[in-house]
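> 3D model of this:
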Amino acid sequence: MSTIHISVDQLDHSASQAQARDHALILDRPEAKGGQNKGPMGGEAMLMGLAGCFMSNLLAAAAARDIELRNVKAEIAAELADAPARFSDIHMKVTGDRPSLDEFEKLIRLADRGCICANTLRQAVNLTIECA
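Numbering: from 1, shown residues only. Predicted structure coming up:
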């Protein structure tokens, strides 16, 4: 089994920097929550990771089948719940220029099955993905 390693280091009183391989991401809180708004909050970064993981799998599935996709966009709406603070529902909508809706839906299913983030989160929240 493979292991993915990341690290997060404090930058100042509210911001931190996450490191994965050769890539860095600044994380912070909005000013309204005592931060400096230098980057997304951790929960937002998690949702960005979900959409990015899914997109990577979608584009790879299309390329493997010589299907051209353009202007693909994944949008996420996540509902917050309290006690404890968490996402209770996550809905991703995927749009783009594609040859046919049937082919796009098949690619969506393939990407969904291959997405590490979706497979992990689906065990904890109501996660849905649709194409439009």
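> could I get stretch 96-107 in CSV with only the CA atoms?
These are the backbone C-alpha positions of stretch 96-107, laid out as CSV (Å, rounded to 0.1, in the frame of the first residue of the first chain):
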residue,chain,number,x,y,z
GLY,A,96,-18.4,21.2,-20.0
ASP,A,97,-18.3,20.9,-23.8
ARG,A,98,-18.5,17.2,-24.6
PRO,A,99,-19.5,14.9,-27.5
SER,A,100,-22.7,13.5,-26.0
LEU,A,101,-24.4,13.4,-22.6
ASP,A,102,-24.3,9.5,-22.6
GLU,A,103,-20.5,9.5,-23.0
PHE,A,104,-20.1,12.3,-20.4
GLU,A,105,-22.2,10.4,-17.9
LYS,A,106,-20.0,7.3,-18.5
LEU,A,107,-16.9,9.3,-17.9
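> counting contacts, what elements does the helix or strand of the chain with the lowest mean pLDDT pack onto?
Ranking every helix and strand in the chain by mean pLDDT, DSSP states H and E puts strand 126-131 at the bottom, with a mean of 85. Identification of packing neighbours for strand 126-131 by 3 or more C-beta pairs under 8 Å, 6 or more residues apart in numbering; DSSP states H and E yields strand 86-97, helix 101-114, helix 116-121. The C-beta positions use only the backbone N, C-alpha and C, and glycine is treated the same way.
> beta partners of Gln91?
Just to correct that, residue 91 is His rather than Gln. Beta-bridge partners for His91, by DSSP bridges, are Ala77, Thr128.
> What pLDDT is listed against it?
For His91, the pLDDT comes out at 96.
> Roughly how far does it sit from Pro99?
Using C-beta to C-beta, to the nearest Å, one gets 25 Å for the distance from His91 to Pro99.
> what's the answer for Lys38, then?
In terms of C-beta to C-beta, Lys38 sits 41 Å off from Pro99.
> And those two? Which one has more around it.
Here Lys38 and Pro99 are compared on neighbour count by other C-beta atoms under 10 Å; more neighbours surround Lys38, at 15 against 11.
> Check whether that one really touches Ile26, as I assumed.
Yes. Using C-beta atoms under 8 Å, Lys38 is in contact with Ile26, at 5.0 Å.
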